[in-house]
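>>> no FASTA, just this:
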């Protein structure tokens, strides 16, 4: 009964006003990035941002950028909030999958010839990279940035009544996206486009899936809920083990 009452508070929420404390600063970030691109160009804006680094930040930034991996962040968020936020988790997973498919189509079909900074600047000038983390092909758009935008847009909606968590969601969106430029694997334009794509897909999923999922879990029998619990926890733990095994 308590869970059902909490879910019902999510019905009939105006989407954009509910996310104003997340979307407004995110829009300002997009505007600043667009101005840098317009004034410095695609490559120039990357060089400007990439050359400002601190060696002691390299390893922390590398670990932070790993959070943009769709499997890792989806599994972590599922384990952390599934028990209390089932509709948000399913909506988040849908947004990550849809944006991921779109991003991969862009990378491998429409923009297959767009190479990453280490290859573009290979014979021109050195750029800042971190450890052995170097990628060369399929630069546009950034999958990590789209994933993070999708995940934290959904979470900002879920946490919209808790301003500090909404601000945290925004800051993590910007930070993890920025690490793609810091580590030298994406241009600013890749990150900007992907952030917009991920956000739009997440808003679409919230609008079309979230309330249906709320109604579904309100009406679901406890046996069905237990099956969902078992399946999602097993998948999340397995996904993290696979991810950590891959990086090790």
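Good, I have the coordinates. Bear in mind the structure is a predicted one, so any value in this text is a computation, not a measurement.

>>> assign a three-state SS to residue 114, would you?
coil (DSSP: H, G, I helix; E, B strand; the rest coil).

>>> what is the burial count for it?
For residue 114, the tally of surrounding residues (other Cβ atoms under 10 Å) stands at 18. Every residue, glycine included, has its C-beta placed from N, CA and C.

>>> how far away is the residue nearest to the spatial centre of the chain from residue 99?
Ranked by distance to the mean C-alpha position of the chain (Cα atoms, centre = their mean), the top residue is residue 148 at 0.9 Å. Applying Cβ to Cβ, to the nearest Å, one obtains 10 Å for the distance of residue 148 from residue 99.

>>> what touches both of those two?
Shared between the contact lists of residue 148 and residue 99 (criterion: Cβ atoms under 8 Å, 6 or more residues apart in numbering) are residues residue 198.

>>> wait, is the residue nearest to the centre of the chain part of a strand?
No. When the secondary structure is assigned by three-state DSSP, residue 148 falls in helix instead of a strand.

>>> isn't it up against residue 176?
Yes. Residue 148 is within contact range of residue 176, at 4.6 Å (criterion: Cβ atoms under 8 Å).

>>> what touches both of these two?
Taking Cβ under 8 Å, 6+ apart as the criterion, residue 148 and residue 176 both touch 67-68.

>>> all helices in this structure, in order from the N-terminus.
Assigned by DSSP state H, the chain shows helices spanning 2-8, 15-18, 20-50, 58-66, 70-81, 86-105, 117-120, 143-158, 163-182, 188-205, 211-219, 222-247.

>>> what is the rounded mean pLDDT of the fourth one?
Okay, so that is helix 58-66. The average of the pLDDT scores along helix 58-66 is 94.

>>> then the second one?
In this model, helix 15-18 carries a mean pLDDT of 65.

>>> going forward can the numbers begin at 372, since that is how I track them
All set: I'll call the first residue 372, so the last point we hit is now helix 386-389.

>>> the helices of the chain: which one's closest to residue 501?
Closest approach to residue 501 among those (Cβ to Cβ): helix 429-437, 4.6 Å.

>>> name the helices or strands packed onto the closest one?
In terms of contacts (3 or more Cβ pairs under 8 Å, 6 or more residues apart in numbering; DSSP states H and E), helix 429-437 is packed against helix 534-553.

>>> now the angle from the helix it packs on to helix 391-421?
With axes from the mean of the first three to the mean of the last three Cα atoms, to 10 degrees as the criterion, the two stretches helix 534-553 and helix 391-421 enclose an angle of 20 degrees.

>>> can you list the neighbours in contact with helix 534-553?
Outside helix 534-553, the residues that touch it by Cβ under 8 Å, 6+ apart are 390, 392-393, 396-397, 400, 417, 420-421, 424, 428, 432-433, 435-436, 438-439, 499, 501, 513, 515-516, 519-520, 523-524, 526-527, 530-531, 557-559, 561-562, 565-566.
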